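# predicted structure and sequence below. I'll ask about it afterward.
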Amino acid sequence: MSDIQNNAAPELDIRPLHPALGAAVTGIDLAQPLAPETFEALHQAWMEHLVLVFPRQAVSDEQQIAFARQFGDLEVHHQDIIRSNSAPEIFRVSNVTDDGKLMDPDHASVAQISLAQRWHTDSSFRPVPSKGSILHGLEVTAEGGQTWFTNMYKVYDALSADQRRRIEGRKACHDFGHLATLAPIKPLSPSEREAMPPVWQPMIRQHPVTGQKSLFISPIYNNAVEGMDDEAALALIAELAELAEDEAFVYRHIWSPDDIVMWDNRCTMHRVTPYDLGLRRVMHRATIVGDGPVVAGAP
Ligand code: OGA
Ligand code: MN
């Protein structure tokens, strides 16, 4: 039990973790509802730092879901191997089955989860992509399995004149089915394909809260760019992902058990570093539904 009684804002302590993004937040108990002024202070910190890290928050799935719901409705994932049996709003980022058994490293679900080793932003394949994600590290690995976050406002600002010219006014395609071209996982069934058609999104987006422009790509889902042949499109996405990995823009999170990390999917990308698949890694994610269609950033 924490000794924090009412989650009142003056208790909040917010410390930046990297010059580009990320802050550690203490003086809050995520298992309890937030007082309105605390919600405001936390939301403001989230908009300012993009990624918030809450150490030592041993919450249940239900408490994590209740915390996340204060920021919006939650997504329910379409795949039963990923979705938790007991709490459908929990997306299981895990190489362990729902009933606790380590999966074979060749399991299709492990292959799919491992694609998170490439830069992406969550649910960018949805017509309204996710607002943000809240990830609870239940069983973490001592080596590898770090989660890296990059500030896409700064990446946008760092584009060369030539890169800007190539993306301005263009849309990129985000297709869940593209995953199957990157790893040995089952291609989408006809009904899944119908339920999840590819979506075209502006490559420069404007944040609905901050008004700032950012580069919007999600390389594990991007398979085409308007007005380019596929080879040129994939080369452009790879070039932009490389720029996004510049250490000036990246906070690297090293997990401790019961860390909760919350990020804004509208202005960041993330990836996990490789880890030993013979070791258990169990992370539970709540994914906040986006607040509206993506707005293109004016040139
Ligand atoms: C995710 C994700 C990376 C990780 O939860 O969306 O990409 O470190 N996770 O598990
Ligand atoms: Mn992810």
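Arrived safely, thanks for sending. Numbering: from 1, shown residues only. Ligands and ions are numbered 1, 2, ... in the order given.

# for the stretch 1-150 of the chain, which segments count as helices?
Across the stretch 1-150 of the chain, reading from the start of the chain, the helices by DSSP state H, counting those that start in this stretch fall at 36-49, 61-69, 108-114.

# residues of the stretch 1-150 of the chain that sit close to ligand 1?
Residues of the stretch 1-150 of the chain found near ligand 1, taking CB under 6 Å from any ligand atom as the criterion, are 93, 116, 122, 133, 135, 147. C-betas here are computed from N, CA, C, even on glycine.

# contacting residues for the second one?
Contacts for residue 116 were tallied using CB atoms under 8 Å, 6 or more residues apart in numbering; they are 93, 220, 270, 271, 272.

# from the residues you listed, which land in strands?
When the contacts of residue 116 are checked against strands using DSSP state E, the ones located there are 93, 270, 271, 272.

# just flag the most distant two among the residues of the stretch 1-150 of the chain next to ligand 1.
Based on CB to CB, the longest span within these runs between 122 and 147 and measures 12.0 Å.

# now do the buried residues in the helix-or-strand element of the chain with minimal mean pLDDT.
Among the helices and strands of the chain, helix 190-195 carries the lowest confidence by mean pLDDT, DSSP states H and E, at a mean of 89. Judged by neighbour count (16 or more other CB atoms under 10 Å), helix 190-195 contains no buried residues.

# which residues touch that helix?
Helix 190-195 is contacted by residues 78, 176, 177 when judged by CB under 8 Å, 6+ apart.

# gap between residue 36 and residue 125?
Here the criterion is CB to CB, to the nearest Å. By it, residue 36 lies 34 Å from residue 125.

# what do you get for residue 177?
Residue 177 is 8 Å from residue 125, where distance means CB to CB.

# need the overlap of contacts for these two.
Common neighbours of residue 177 and residue 125 (CB under 8 Å, 6+ apart) are 196, 198.

# between those two, which one's more packed in?
The residue with the greater number of neighbours, taking residue 177 and residue 125 and applying other CB atoms under 10 Å, is residue 125; the counts read 23 against 16.

# next up, the contacts around the more buried one.
174, 175, 176, 196, 198, 199, 218, 221.

# tell me which of the contacts of helix 190-195 is nearest to ligand 1?
Nearest to ligand 1 out of the contacts of helix 190-195 is residue 176 (CB to the nearest ligand atom; 13.8 Å).

# name the nearest residue to that closest one, sequence neighbours excluded.
residue 125 (4.1 Å; CB to CB, 6 or more residues apart in numbering).

# please report how far the one you found lies from residue 231.
Counting by CB to CB, the gap between residue 125 and residue 231 amounts to 21 Å.

# follow-up on the earlier one: need the ones in strands among the contacts of residue 116 in TSV with distance to residue 108 and neighbour count, can you?
Formatted as TSV, the entries for the ones in strands among the contacts of residue 116 read as follows, by distance: CB to CB, whole Å; neighbours: other CB atoms under 10 Å:
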residue	distance to residue 108	neighbour count
93	15	20
270	22	22
271	20	21
272	18	22
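
# now, the most widely separated pair of those residues?
Farthest-apart pair in these is 93 and 271; separation 12.3 Å (CB to CB).

# ok so, going back, among the residues of the stretch 1-150 of the chain next to ligand 1, which one sits closest to residue 225?
With CB to CB as the yardstick, the closest approach to residue 225 among these comes from residue 122, at 20.6 Å.
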